[in-house]
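# quick one: sequence and predicted model below, then my questions.
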Amino acid sequence: MKTPIQVLKTYFGYDSFRPGQESLISAVLSGRDALGIMPTGAGKSLCYQVPALILPGLTLVVTPLISLMEDQTAALARRRIPARALNSAMSRTEREEALSLAAAGRLRLLYVSPERLTSPRFLSFAEHADISLLVVDEAHCISGWGRDFRPSYRKIADFAARLPVRPVICAMTATATAEVRADIVSSLRLKDPLTLVTGFDRPNLFFTVQHPADKWEALLCFLRKYKGSSGIVYCMTRRTVEALARRLAYHGFPCRPYHAGLKKSVREQNQRDWLAGKIPLIVATNAFGMGIDKPDVRFVLHYNLPMDMENYYQEAGRAGRDGKPSECILLTNDRDLPICRFFLDHPERQEAGPARGVHFPHRRSPAEVSSEAFRTYQLEKLRNMQRYASGKSCLRRAMLAAFGEASPAFCGKCSVCLRLPDPGLKSFRLRPDLENAALHRELIALRRRLSKKTGVPPWKIFPDRTLHDLALIRPLGFFDLLMVENAGLIRCLRFGRPFLEEIRSFVETH
């Protein structure tokens, strides 16, 4: 029998496992249930694909979207691993062929939707199949406390109990709070599971929060910075999606809309064009995203305040899956909170009608939890999101705290930390970097000279805090300069050139 590391090298071409993978694989191979909470890009699929190539029987993978099944089976086919999907997009003949191959022991993995588990034909197959591993992908969908509750996930445990021999159950997800984790273990009836949380931090992501009076102008500034790069703009309502998509296209930013009110064929075509790189930008409600695995997304911008941190983490986390630096931007102002509270009080308005609506987490049934208790829970999650958006402390720390993960008070990779001195330093330096301090002194001297020449007070040229940010960020172009907080369009037009020249000269010298 091959070892996990041999399978990893032979089929997937890797020389070593990533953090957490080997522990989960060992647990599954030893016959122990497992729950893996691993961030996007951490290699969750390998945690069950490697055991699938070692265990003697079939690995059954329950996953919520057809696109997820197709992506996974196509990737496995390229590695000559026998795997099939079973979904409603297939013809009856194709479905029967997949079941026949699985029954004959000619498949290692079979991907199905949770709804498929209750169909009489599939139950008949499963009750006679040698299923050694049952994988529950996107396992947070089982929890009524979560953001993507699917009632059919609640029936997975009953399905497993009907099998002649209960298989090992491995549940995987990228995001789950403590409440959701407990719900997954309970609902799937996991037996003494190894619960492994590898951490939620994505070090390559830079987090930004801004509170612009004019979101449209702020959006344009960000898109100019990333023009030509792949990105997502999330909006709360369909109406906003449609309006922004039209305005952006008019202003020269090729983009497409995506929301549940569009025809399915239009949605799918827009998604395909974006995935293929035919258009760099997609403007969407949060109906867009699950199953999207585009590695080169350089930014994700939220035009409205999300309802909770789980939503935001999942959506923002679609940036930088290739591990390269990427940015997650949240634009919010006082008008967002009343909208969030409206949808909190009127969940029936979710995705209602062609012109408005929002994707809202499903309520649990009254038998499971009262509507008032659920509303209180959602309101607390909204308050957590407000605290993050206030920008009063490190954004990374606020985000990780929502998932029960501790982190330093200063990350140096968010818009808040760029404005604040490192608490571990006595003198001003946004990093223990002498060059930043030297550039800062030169910019102060330049501002003094310009003030003397023009008669404009120094603070009206650029405030002290802006000079601090300029010394750290070192913008080299006009639009990069505009992105610096409190730089302002008028200031940049009037005084930007000499500051950019000073920074360029400094960068070349150092």
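Thanks, I have it.
# contacts and neighbour counts: CA atoms only from here.
OK.
# give me the element Val283 is part of.
Assigned by DSSP states H and E, Val283 belongs to strand 281-284.
# what ranges does the stretch 401-510 of the chain have for its strands?
For the stretch 401-510 of the chain, applying DSSP state E, counting those that start in this stretch gives no strands.
# can you list the low-confidence ranges for it?
Within the stretch 401-510 of the chain, the stretches with pLDDT under 70 are 420-431, 433, 479, 485.
# in it, which spans are helices?
Along the stretch 401-510 of the chain, counting by DSSP state H, counting those that start in this stretch, helices occupy 415-419, 434-454, 458-461, 464-473, 478-483, 489-509.
# in TSV, list those along with distance to Lys278.
Formatted as TSV, the helices of the stretch 401-510 of the chain follow (distance: least, C-alpha to C-alpha, whole Å):
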stretch	distance to Lys278
helix 415-419	31
helix 434-454	40
helix 458-461	42
helix 464-473	31
helix 478-483	25
helix 489-509	32
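# output those helices as TSV; include the columns distance to Thr237 and mean neighbour count.
TSV is the format used below for the helices of the stretch 401-510 of the chain (distance: least, C-alpha to C-alpha, whole Å; neighbours: other C-alpha atoms under 10 Å):
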stretch	distance to Thr237	mean neighbour count
helix 415-419	26	21
helix 434-454	42	16
helix 458-461	39	16
helix 464-473	34	20
helix 478-483	26	19
helix 489-509	29	15
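# return the distance of the one helix or strand in the chain whose mean pLDDT sits lowest from the chain's centre.
Using mean pLDDT, DSSP states H and E, helix 478-483 stands out as the lowest-scoring helix or strand of the chain, at a mean of 75. Relative to its chain's centre, helix 478-483 lies at 26 Å (C-alpha atoms, centre = their mean, to the nearest Å).
# need the contact partners of it.
Helix 478-483 is contacted from outside by 221-222, 224-225, 475, 487-489, 492, 496-497, 500, using C-alpha atoms under 8 Å, 6 or more residues apart in numbering.
# again with stretch 102-112
Applying C-alpha under 8 Å, 6+ apart, the contact partners of stretch 102-112 are 49, 52-53, 57-63, 69, 73, 81-87, 101, 125, 128-129.
# just the buried positions in it, please.
102-103, 107-112 (16 or more other C-alpha atoms under 10 Å).
# end to end on that stretch, go ahead and measure it.
12 Å (C-alpha to C-alpha, to the nearest Å).
# just the pLDDT at the spatially most central residue of the chain, thanks.
Closest to where the C-alpha atoms of the chain average out (C-alpha atoms, centre = their mean) is Gly317, at 2.5 Å. Looking at Gly317, its pLDDT stands at 90.
# distance check, the nearest residue to it once chain neighbours are set aside against Leu65.
Leaving out its chain neighbours, the residue that sits closest to Gly317 by C-alpha to C-alpha, 6 or more residues apart in numbering is Thr40, at 6.8 Å. With distances taken as C-alpha to C-alpha, Thr40 is found 17 Å from Leu65.
# more neighbours: the two, which one.
In this view Thr40 and Leu65 are compared by other C-alpha atoms under 10 Å, and Thr40 has more residues nearby, 20 against 15.
# which non-adjacent residue is nearest Ala77?
Distances taken as C-alpha to C-alpha, 6+ apart place Ala83 nearest to Ala77, at 7.0 Å, with adjacent residues excluded.
# just give me the neighbour total for the one you found.
Residues contacting Ala83 under the criterion other C-alpha under 10 Å number 24.
# what are the bridge partners for it, then?
Bridge pairing for Ala83 (DSSP bridges) gives the partners Leu109.
# for it, give me the pLDDT.
For Ala83, the model assigns a pLDDT of 96.
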